[in-house]
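**Q** sequence and predicted structure below; questions after.
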Amino acid sequence: MGRPPKCRRVEYMPHCTFFKPAGIPLYRLEEVSLGVEEVEAIRLKDLEGLEQEECADRMGISRPTFQRLLTGARAKIAEALVKGKAIRVEGGYFQLITRRMQCPACKNEWEEPRGNPETEVCPKCGSAEIKNITPAEIREVFRGYRHRRRCGRE
């Protein structure tokens with residue numbers, strides 16, 4: 001039995017999880033499945049233009065593992081484009097990395113993925129005065145409370 005895959009850190013959760021060629025009914029299409037961590041690899045390398053070493057560091061994996069992930073994702077996307085297949089984004093072995101936000105007006109706190117655009121207004125009161133809570137502020141709020149999320153198949 002092989003070693004379980006190392007958990008990959010993901011900063012962006014895709015909102016669109018299904019893409020298909022126009023003009024072909026869904027029931028006639030084959031699908032290609034991309035994992036969330038594969039989309040993250042494409043986002044970091046191709047969209048943000050980062051070097052592979054930095055991408056691998058941000059995802060918490062080795063550079064060769066990142067290269068395999070990126071190569072696999074690009075091959076799947078190429079197959080879908082060339083052969084007219086649909087792309088479904090789902091699953092994977094990852095941990096979503098979030099940032100803590102706070103509204104000074106109503107004291108509401110929430111988390112959102114780091115790679116997503118920042119929220120511009122408080123979801124509770126609608127105030128535009130929101131701020132990121134820095135790690136030092138988080139430590140002060142929780143005073144030694146240690147919280148570790150377990151990585152699992154999503």
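**A** Structure received.

**Q** correct me if wrong: Ile24 contacts Gly84.
**A** Yes: using C-beta atoms under 8 Å, Ile24 is in contact with Gly84, at 6.8 Å. Where you see a C-beta, it was placed from the backbone N, CA and C, and this is true even at glycine.

**Q** which SS class is Lys45?
**A** The three-state assignment at Lys45 reads helix, by DSSP: H, G, I helix; E, B strand; the rest coil.

**Q** my guess is it meets Leu70, correct?
**A** Yes: with contact defined as C-beta under 8 Å, Lys45 reaches Leu70; the gap is 5.7 Å.

**Q** need the residues touching each of the two.
**A** Gln52, Cys55 (C-beta atoms under 8 Å, 6 or more residues apart in numbering).

**Q** contact partners of the longest helix anywhere in the chain?
**A** The longest helix of the chain (DSSP state H) is helix 63-83. Applying C-beta under 8 Å, 6+ apart, the contact partners of helix 63-83 are 6, 8, 19, 30, 32-34, 37-39, 41-42, 45, 52-53, 55-56, 59, 61, 85-87.

**Q** show me what whichever helix or strand comes after it is packed up against.
**A** Toward the C-terminus, helix 63-83 is succeeded by strand 86-89 as the next helix or strand (DSSP states H and E). Contacts defined by 3 or more C-beta pairs under 8 Å, 6 or more residues apart in numbering; DSSP states H and E place strand 86-89 against strand 18-19, strand 31-34, helix 63-83.
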